[in-house]
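Asks: Quick one: sequence plus predicted model below, questions after.
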Amino acid sequence: MKHAPWWHGQRGEAYVAVQAVLLGLILFGPTGKETLPPWPAALSGPATICGLVLLVAGGLISVAAAVGLGRNLTPLPHPRNDCQLVETGLYGWVRHPIYCGLILAGLGWALFVQGWLTLAWAGLLLVFFDIKSRREEAWLMARFPTYAAYRKRVRKLIPYLY
């Protein structure tokens, strides 16, 4: 019997591959500086400062959220068989704080390097995490009866907004 490729996996392996590509594009991909108009000079200083703040804050949020998950942490969107639902700490503010932190860090990096294309990659990362979290939440709803109530009271990716 022939096995399906790893990216056809039943636990969301393809999402992890796409996420790695997007993060790689944000960090190492073309910025657009070579072909697109430069950022307005008046925004250069503030963009650098805001970018650095968002980059650090996003990194700290992602790390703290990963630590908060403890043994529940997996790179795959499918929950581990022995997992428990975490609703405290950063997970009391936003349902997917690791994604939130990575989105902030991606936006921060785009502002820091002042690349239009990097900003587009960061926007694409936001859209991707919205799609990935929908699949993840379907699995979480099936696993945890209390997830529906948690979804109603805690925002998905951006505290107080979305």
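Replies: Arrived safely. Numbers count the residues shown, from 1 in each chain.
Asks: CA atoms for contacts and neighbours, from now on please.
Replies: Will do.
Asks: Phi, psi for Leu76 please.
Replies: Per-residue torsions, Leu76: phi -80, psi 150 (degrees, to the nearest 10).
Asks: Buried residues, the helix or strand containing Leu104. List them.
Replies: Under the criterion of DSSP states H and E, Leu104 resides in helix 97-113. Residues of helix 97-113 classed as buried under the neighbour-count rule (16 or more other Cα atoms under 10 Å) are 97-113.
Asks: Give me the contacts around it.
Replies: Applying Cα atoms under 8 Å, 6 or more residues apart in numbering, the contact partners of helix 97-113 are 23, 26-27, 31, 47-63, 65-66, 90-91, 94, 116, 118-119, 122-123, 125-126, 129, 157-158.
Asks: Of these, just the buried ones, PyMOL syntax please.
Replies: A single PyMOL command suffices to select whichever of the contacts of helix 97-113 are buried according to 16+ other Cα under 10 Å:
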select buried, resi 23+26+27+31+47+48+51+52+53+54+55+56+57+58+59+60+61+62+65+66+90+91+94+116+118+119+122+123+125+126+129+157+158
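Asks: what packs against the helix or strand hosting Phe128?
Replies: Element membership for Phe128 (DSSP H and E) is helix 116-143. Here helix 116-143 touches helix 13-28, helix 97-113, helix 147-153, going by 3 or more Cα pairs under 8 Å, 6 or more residues apart in numbering; DSSP states H and E.
Asks: Which one of those helices lies nearest to Ala138?
Replies: Evaluated with Cα to Cα, these place helix 147-153 nearest to Ala138, the distance being 9.8 Å.
Asks: average pLDDT for the closest one?
Replies: Average pLDDT, helix 147-153: 96.
Asks: same check, this time on stretch 94-112
Replies: Average pLDDT, stretch 94-112: 97.
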